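Asks: the sequence and its predicted three-dimensional model are supplied below.
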Amino acid sequence: MNNTMKKLLSLLLVAVMTVCLLAACGGEKKPEQPTQPELKHIDYAVAQPLDMNSPTKKLEVKFGDRSQIDGDTTHFEVPTSVDSSGKIKARYLAVDTPESTGQIEEWGKAASRYTQETLSSAYSIVIESDTEQWNFDGNGRYLLWIWYQPEMGTQYRNLNIELLQNGLGASSSAHEGRYGADAVAAINQAKQEKLYMWSGEKDPDFPYGEAASVTLRELRLNAADYEGQKVAVEGLITYNSDYTAFIQSYDSETDMWYGMQVFYGYNSRLIPVLEQGAMVRVVGVVSNFYGTYQISGLTYNPMKPEDPANTSQISKGNEVPFPETSPTDFNSEKTVMIGEEEQTFRYCEMAVSTSISMKNLKVTKVYTTTNPDSDDCGAMTLTCKAGGQTISVRTEVLKDEDGNLITAEAYKDKTINVEGVVDHYEGKYQIRVYTKDDIEIVG
């Protein structure tokens, strides 16, 4: 064998050994990475069953057609032995859902819708106190755990905890109370599962976009079309009371004022902006509160008064008009053009939330709210007659210069002139007055 052949064999041997070594190294198995265990979903809404024999207060209640207020606040129908009005206002323990009726927040409508659908279809509903007596918050609302039975014979579910575990509510002292441990666990599970509020996604029901600039006439006559949308309107503030202002503007084509209720909640910075007599631009979301459309969830930044996307004051000190309206006109119908079609409305329906005056009303009956737990205790409804028409006048709680309550005797069988705002309550239209100076006794 010559030298050249020896060199070739040597190179071939080295190559084979290198391939074998590489194959051996590549064939070694790497240690497997530990897999994350799947999170087990726990239904905390039934983790603790409803114990009808526990010492807490309990009551089976009914959920009526007009019961729902918010995701965590509900009116329930109860026996008059519990409350003379036949209704109680419940505030759910442990859970704070986003707002959906006043200042609208992300996922608020989803929470409200969930509560509405759950309770309206429930076979049975039981309310439970956290102690051996009924407890109340500072607004007179019952503080309760809400249990519901989806169908006859099924286990009762805790709606407070169910809202939390579905990601439709945040903690409201969730660790406290009888079911605090399950409430906290439900919140943590919803966060891990990234549900709704904790998903990091946008709420499809929330108006993130720019406000639609509309007239108050357009908004009043087509309010249902704008529900849930962000709008911008300009007008005159006629009243501001109890976290609510009224804005209106005049439409020359129909010779009418059109108005809307503006709910600004506990944002005290908006009180001077929405003062009586101010011309303003209001930017907020159209919502339906007990059958009355309003603008709520106002956009406001005092550092950007010139921003068109911001609620702002244009001028102040303007005179508030109280156009005189006859009882006949108040109850009449009026035809207006909407787009290319004529539509007929009741005058009072079109005039909701606008200021008016009415003269020579004979007070034939007075109803006084007497429930001591009501914010309206002492307020009156005056049933009036004039020109064959019936007009209702609803007052706030009225007091004289010395702070004494004004009672029914002041107005019964009297003839009065009134100034106020057209109001809608339980399907009826009335004039709402806010101070004793809004009523003038003339006979």
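Replies: Structure's in. What do you need?
Asks: any idea where the strands of the stretch 301-443 of the chain begin and end?
Replies: Taking DSSP state E, counting those that start in this stretch, the strands of the stretch 301-443 of the chain run over residues 312-315, 333-338, 341-346, 355-368, 380-386, 389-395, 415-425, 428-433, 439-441.
Asks: neighbouring contacts of the shortest one?
Replies: Among residues not part of strand 439-441, those counted as contacts by Cβ atoms under 8 Å, 6 or more residues apart in numbering are Val393, Thr395, Leu398, Ala410, Tyr411, Lys414, Thr415, Ile416, Asn417, Val418, Val433. Using the backbone N, CA and C atoms, a C-beta is placed for each residue, glycine as well.
Asks: next: the second one.
Replies: Contacts made with strand 333-338 from outside it, assessed by Cβ under 8 Å, 6+ apart, are listed as Leu221, Asn222, Thr254, Met256, Glu342, Gln343, Thr344, Phe345, Arg346, Tyr347, Met350.
Asks: redo these as CSV? Include neighbour count, pLDDT and distance to Glu106.
Replies: Shown next, in CSV, are those (neighbours: other Cβ atoms under 10 Å; pLDDT from 0 to 100; distance: Cβ to Cβ, whole Å):
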residue, neighbour count, pLDDT, distance to Glu106
Leu221, 20, 93, 29
Asn222, 13, 92, 26
Thr254, 15, 86, 37
Met256, 19, 93, 36
Glu342, 9, 83, 40
Gln343, 12, 89, 35
Thr344, 8, 94, 39
Phe345, 15, 94, 34
Arg346, 14, 95, 36
Tyr347, 17, 96, 38
Met350, 21, 96, 33
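Asks: closest one of these to Val95?
Replies: Asn222 (35.2 Å; Cβ to Cβ).
Asks: quick one: contacts for the closest one?
Replies: Applying Cβ under 8 Å, 6+ apart to Asn222 gives the contacts Ile338.
Asks: separation between it and Leu168?
Replies: Distance of Asn222 to Leu168, computed by Cβ to Cβ, to the nearest Å: 30 Å.
Asks: and the contacts of strand 439-441, which is closest to Asn53?
Replies: For the contacts of strand 439-441, the nearest to Asn53 is Thr395 (47.5 Å; Cβ to Cβ).
Asks: which residues does that closest one contact?
Replies: Applying Cβ under 8 Å, 6+ apart, the residues contacting Thr395 are Ala379, Met380, Thr381, Leu382, Arg432, Val433, Ile439.
Asks: same thing but 10 Å
Replies: 366, 368-369, 376, 378-382, 406, 411, 418, 420, 431-436, 438-439 (Cβ atoms under 10 Å, 6 or more residues apart in numbering).
Asks: quick one on the thing from earlier: mind putting the strands of the stretch 301-443 of the chain into a markdown table with distance to Thr244?
Replies: A markdown table is the format used below for the strands of the stretch 301-443 of the chain (distance: least, Cβ to Cβ, whole Å):
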| stretch | distance to Thr244 |
| --- | --- |
| strand 312-315 | 17 |
| strand 333-338 | 26 |
| strand 341-346 | 23 |
| strand 355-368 | 14 |
| strand 380-386 | 19 |
| strand 389-395 | 14 |
| strand 415-425 | 10 |
| strand 428-433 | 11 |
| strand 439-441 | 20 |
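Asks: among these, single out whichever gets nearest to Ser124.
Replies: Minimum separation from Ser124 across the strands of the stretch 301-443 of the chain (Cβ to Cβ) falls at strand 415-425, 30.7 Å.
Asks: give the partner strands of that closest one in its sheet and their orientations.
Replies: strand 355-368 (antiparallel), strand 428-433 (antiparallel), strand 439-441 (antiparallel) (DSSP bridges).
Asks: list the buried residues of the last one.
Replies: This means strand 439-441. Ile439 (16 or more other Cβ atoms under 10 Å).
Asks: where does the stretch 201-350 of the chain have low pLDDT?
Replies: For the stretch 201-350 of the chain, the stretches with pLDDT under 70 are 339-340.
Asks: what about the helices in it?
Replies: Ranges of helices in the stretch 201-350 of the chain, per DSSP state H, counting those that start in this stretch, are 216-221, 223-226, 327-330, 347-350.
Asks: would you mind finding the most buried of the ones you listed?
Replies: Burial of these is given as mean neighbour count (mean count of other Cβ atoms under 10 Å); helix 216-221 ranks first at a mean of 22.
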